[in-house]
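Enquirer: compute the structure for the input listed below.
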Amino acid sequence: MRILLLTQWFEPEPTFKGLLFARELAARGHEVEVLTGFPNYPGGKLYPGYKIRPWRREEIDGISVVRVALYPSHNKSAIGRVLNYASFAVSAALLGAVLVRKPDLIYVYHPPATIALAAMTIGFARRAPFVYDIQDLWPDTLAVTGMLSNKAALALVGGWCNFLYRRARRLVVLSPGFRRQLMERGVPEDKIDVIYNWCADAAAPSAPPDPELASRLGLSGRFNVMFAGTMGVAQSLDSVLAAAALCQQTHPHVQFVFVGGGVDRERLEKKASDDGLNNVRFLARQPISAMAAVMELADVLLAHLKDDPLFAITIPSKTQAYMAAGKPILMAVRGNAADLVIQSGGGFVCEPENPASIAEAVARFAEMTPEQRRGMGENGRNFYQERLSLKAGAAKFETLFTEVRDAGKASFYRRFGKRLFDVLAIVPLLAAAAPILAITALCSLFFLGAPVLFRQRRPGLRERPFTLYKFRTMKNLADSQGRPLPDGQRLTSFGALLRRTSLDELPELWNVLRGDMSLVGPRPLLPEYLPRYTPAQRRRHEVKPGITGWAQVNGRNTITWEEKFEFDVWYVDHHSFWLDLKILWRTFVSVIRREGISQQGHATMPEFLGSARPEPQTK
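Expert: All right, here's what the predicted structure looks like:
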């Protein structure tokens with residue numbers, strides 16, 4: 001497909017979703033074009049070889065790049081930042097639709113939120129949907145970092161963000177916490193995808209530590225705890241300097257190394273000097289190509305952010321770079337970033353802005369053997385390659401982009417009519433079923449006791465979990481070791497009656513009304529089945545699960561799992577209004593005839609353990 005990357009920052013500026021992302025998408029067979037500004041970040045000065053013009057075309061590593069004019073600025077001045085953001089937004093909005101080719105989809109990198117003006121303008125002019133990648137939660141980040149403190153202005157920014165969230169076809173966030181925050185603001189759950197950031201490949205180590213480089217940088221013979229990246233208000237590095245003061249007394253061989261720049265670096269250097277910290281060293285910002293060799297000289301890599309609720313849902317970009325480097329990580333950040341380090345086994349976590357906690361964690365690292373630290377670093381690197389790398393992330397973006405593109409080409413029924421049909425049908429169905437629901441609930445209470453309803457988390461659309469409701473049909477019987485007895489022993493006579501008549505499914509009408517499910521779609525299965533699917537079988541989650549489906553009217557529980565999944569995926573590719581009506585009618589007939597309730601010799605469908613046969617051809 002033809003993809004437009006809309007980002008205010010692009011190579012040669014440092015950015016996370018820049019040239020690497022563009023090249024990876026191009027390598028996957030997509031036609032990529034970039035609309036960006038003239039390079040001036042992070043110093044606020046134009047890069048050598050560039051002059052401000054209305055626009056400029058160039059090519060970088062085979063990627064077509066269109067640059068439009070902006071006001072270069074990146075300092076503490078709020079006015080300068082506003083002019084920088086607004087000038088690019090206006091230039092891109094006015095010139096972008098004319099200068100770029102018609103895309104199938106627009107990928108938008110945020111911050112700044114002003115870029116959405118260009119996204120909406122180009123999207124309208126070129127009739128292209130846009131995917132909005134949120135790297136900072138505005139206005140929260142603006143308030144926490146001190147960039148903006150006026151309450152009226154913050155409210156205005158918040159209103160703008162809510163407006164653009166509604167206009168975006170899909171939103172991408174960098175952490176589960178971001179996703180929860182947006183849902184609390186009213187963004188629909190199925191509109192938000194979590195795709196973790198990756199790091200520049202050049203940041204991964206390619207050679208053993210260089211003794212000459214270590215000597216030149218003043219890192220020889222010390223246990224180096226390295227902070228690499230921006231030094232600003234959000235990083236709140238005074239606490240790290242205070243931790244260095246504590247370590248200077250207890251572990252004099254430990255050295256804290258700060259690599260990079262930022263608006264707070266000069267003040268931090270002066271503070272370290274004034275406090276007499278001879279175990280603190282500041283190194284100049286390094287090009288990405290040199291960071292691998294520099295980080296290889298670290299014994300521990302440190303991440304630190306202000307102890308603020310916003311940062312508990314933030315994953316600092318250095319997390320991925322640190323993991324890729326294969327070094328132990330000291331994560332002084334609460335929440336999602338700490339969770340990743342714990343899951344990977346790649347380091348320790350401590351309390352942010354707590355010098356004693358930071359110093360204690362540093363001491364734990366210093367007292368480990370080199371082999372223990374090496375193993376910890378390898379854990380982080382393996383976790384990164386499997387879950388957070390460029391290839392892993394680009395594959396998820398490719399799937400998302402394909403869904404957005406195909407949704408734009410889908411019929412009215414697939415895009416809007418199916419949900420409308422569910423809502424219009426479910427109201428009279430619930431009214432008609434109300435007496436049956438009440439009688440069944442009372443009988444269930446009499447024969448099985450409380451609770452009446454069976455609740456279980458199931459994966460729904462795009463594998464997102466929801467709570468499924470059914471009438472309970474089994475007793476909670478277990479063996480002497482507390483393990484549930486087989487389904488056949490727990491299924492009661494009343495429960496079997498509910499299954500034969502499909503009355504146990506009636507509470508799922510509530511799931512349909514809530515939007516978790518549809519009347520028609522693949523049945524929602526157990527979450528533990530997800531890693532057992534083949535790539536083709538996973539496509540069953542490209543539509544909402546249903547109370548009934550194509551597999552249910554073609555054998556239900558009497559067919560094999562592989563046959564079920566073939567029917568499910570066929571439905572994903574062919575569902576329509578008339579097919580849904582056909583399935584509902586055939587479901588009614590099957591329920592009356594009590595067909596396909598279970599396989600011979602099984603009370604319920606046997607567990608799906610994975611498919612050993614070749615993947616079915618789905619398209």
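Enquirer: tell me which element residue 424 is part of?
Expert: helix 418-447 (DSSP states H and E).
Enquirer: where does the stretch 51-200 of the chain have low pLDDT?
Expert: By pLDDT under 70, the low-scoring segments of the stretch 51-200 of the chain are 75-76, 144-149.
Enquirer: show me where it has strands.
Expert: Secondary structure of the stretch 51-200 of the chain (DSSP state E, counting those that start in this stretch): strands located at 55-60, 63-68, 105-110, 130-134, 170-173, 192-194.
Enquirer: how about those in a markdown table, adding distance to residue 336 and mean neighbour count?
Expert: Just so you know, the C-beta spots here come from the backbone N, C-alpha and C atoms, and that holds for glycine as well. Formatted as a markdown table, the strands of the stretch 51-200 of the chain follow (distance: least, Cβ to Cβ, whole Å; neighbours: other Cβ atoms under 10 Å):
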| stretch | distance to residue 336 | mean neighbour count |
| --- | --- | --- |
| strand 55-60 | 32 | 12 |
| strand 63-68 | 31 | 21 |
| strand 105-110 | 18 | 25 |
| strand 130-134 | 14 | 24 |
| strand 170-173 | 10 | 22 |
| strand 192-194 | 10 | 19 |
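Enquirer: re the thing from before, give me the mean pLDDT for the helix holding residue 424.
Expert: Mean pLDDT, helix 418-447: 91.
Enquirer: against residue 110, how distant is residue 14?
Expert: Computed as Cβ to Cβ, to the nearest Å, the residue 14 to residue 110 distance reads 17 Å.
Enquirer: same check on residue 491?
Expert: For residue 491, the distance to residue 110 (Cβ to Cβ) stands at 52 Å.
Enquirer: hmm, back to that, packing partners for the helix holding residue 424?
Expert: Packing contacts for helix 418-447, counted by 3 or more Cβ pairs under 8 Å, 6 or more residues apart in numbering; DSSP states H and E, involve strand 465-471, helix 493-501, helix 508-514, strand 518-520, helix 577-593.
Enquirer: need the next SSE after that helix, C-terminal direction.
Expert: Downstream of helix 418-447, the next assigned helix or strand under DSSP H and E is strand 453-459.
Enquirer: in that following strand, which residues are buried?
Expert: 454, 458, 459 (16 or more other Cβ atoms under 10 Å).
Enquirer: from those, which is closest to residue 125?
Expert: residue 459 (37.9 Å; Cβ to Cβ).
Enquirer: OK, contacts around the closest residue to that closest one other than its chain neighbours?
Expert: The shortest distance from residue 459 to any non-neighbouring residue, by Cβ to Cβ, 6 or more residues apart in numbering, is to residue 527 (5.4 Å). Shown in contact with residue 527 (Cβ atoms under 8 Å, 6 or more residues apart in numbering): 457, 458, 459, 465.
Enquirer: can you list the strands of the stretch 51-200 of the chain in a markdown table and add distance to residue 543?
Expert: Listed next are the strands of the stretch 51-200 of the chain as a markdown table, based on distance: least, Cβ to Cβ, whole Å:
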| stretch | distance to residue 543 |
| --- | --- |
| strand 55-60 | 39 |
| strand 63-68 | 34 |
| strand 105-110 | 20 |
| strand 130-134 | 19 |
| strand 170-173 | 16 |
| strand 192-194 | 16 |
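Enquirer: circling back: from the buried residues of strand 453-459, which is closest to residue 85?
Expert: The nearest member of the buried residues of strand 453-459 to residue 85, counting by Cβ to Cβ, is residue 459 at 38.9 Å.
Enquirer: quick one: residues contacting the closest one.
Expert: By Cβ under 8 Å, 6+ apart, the neighbours of residue 459 are 465, 524, 525, 527, 530, 541.
Enquirer: do the same with residue 337
Expert: 175, 303, 305, 314, 315, 316, 319, 331.
Enquirer: do you know how far the closest residue in space to it that isn't next to it in sequence is from residue 281?
Expert: Counting by Cβ to Cβ, 6+ apart, residue 315 is the residue found nearest to residue 337 once chain neighbours are left out, at 4.6 Å. Here residue 315 is placed at a distance of 27 Å from residue 281 (Cβ to Cβ).
Enquirer: with residue 270 instead?
Expert: Distance from residue 270 to residue 281, by Cβ to Cβ: 14 Å.
Enquirer: just residue 14 next, same as before
Expert: Distance from residue 14 to residue 281, by Cβ to Cβ: 22 Å.
Enquirer: what residue is smack in the middle of the chain?
Expert: Centroid-nearest residue in the chain: residue 194, 1.5 Å away (criterion: Cα atoms, centre = their mean).
Enquirer: still on that earlier bit, by mean pLDDT, show me the worst of the helices and strands packed on helix 418-447.
Expert: helix 493-501 (a mean of 83).
Enquirer: give me the helices and strands touching that helix, please.
Expert: Helix 493-501 packs on helix 418-447, going by 3+ Cβ pairs under 8 Å, 6+ apart.
Enquirer: what angle do helix 577-593 and the helix it packs on make with each other?
Expert: Per axes from the mean of the first three to the mean of the last three Cα atoms, to 10 degrees, the angle that helix 418-447 makes with helix 577-593 is 20 degrees.
Enquirer: pull the distance from helix 418-447 to the chain's centre.
Expert: In terms of Cα atoms, centre = their mean, to the nearest Å, the centre of helix 418-447 is found 36 Å from the chain centre.
Enquirer: next: stretch 107-120.
Expert: The answer for stretch 107-120 is 18 Å, by Cα atoms, centre = their mean.
Enquirer: can I get the contacts of residue 337 in CSV with distance to residue 348, neighbour count and secondary structure?
Expert: Formatted as CSV, the contacts of residue 337 follow (distance: Cβ to Cβ, whole Å; neighbours: other Cβ atoms under 10 Å; DSSP: H, G, I helix; E, B strand; the rest coil):
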residue, distance to residue 348, neighbour count, secondary structure
175, 20, 21, coil
303, 11, 26, strand
305, 16, 24, coil
314, 19, 28, coil
315, 17, 28, coil
316, 16, 21, coil
319, 14, 30, helix
331, 7, 28, strand
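Enquirer: okay, who's weakest in the contacts of residue 459 by pLDDT?
Expert: Ranking the contacts of residue 459 by pLDDT, residue 530 lands last with 89.
Enquirer: could you measure from that one over to residue 382?
Expert: 21 Å.
Enquirer: and the helices in the stretch 51-200 of the chain?
Expert: With DSSP state H, counting those that start in this stretch as the criterion, the stretch 51-200 of the chain has helices at 78-99, 115-126, 140-144, 151-167, 176-184.
Enquirer: need those in a markdown table with mean neighbour count and distance to residue 245, can you?
Expert: Shown next, in a markdown table, are the helices of the stretch 51-200 of the chain (neighbours: other Cβ atoms under 10 Å; distance: least, Cβ to Cβ, whole Å):
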| stretch | mean neighbour count | distance to residue 245 |
| --- | --- | --- |
| helix 78-99 | 19 | 33 |
| helix 115-126 | 21 | 42 |
| helix 140-144 | 20 | 26 |
| helix 151-167 | 15 | 36 |
| helix 176-184 | 18 | 32 |
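Enquirer: want to try TSV for the ones you listed, with distance to residue 439 as columns?
Expert: Shown next, in TSV, are the helices of the stretch 51-200 of the chain (distance: least, Cβ to Cβ, whole Å):
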stretch	distance to residue 439
helix 78-99	61
helix 115-126	52
helix 140-144	50
helix 151-167	43
helix 176-184	36
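Enquirer: closest one to residue 264 among these?
Expert: Nearest to residue 264 among these is helix 140-144 (14.3 Å), distances taken as Cβ to Cβ.
Enquirer: give me the helices and strands touching the closest one, please.
Expert: By 3+ Cβ pairs under 8 Å, 6+ apart, helix 140-144 packs against helix 151-167, helix 309-312.
Enquirer: list the buried residues of the last one.
Expert: Judged by neighbour count using 16+ other Cβ under 10 Å, the buried positions of helix 309-312 are 310, 311, 312.
Enquirer: how far does it sit from its chain's centre?
Expert: Computed by Cα atoms, centre = their mean, the chain-centroid distance of helix 309-312 equals 16 Å.
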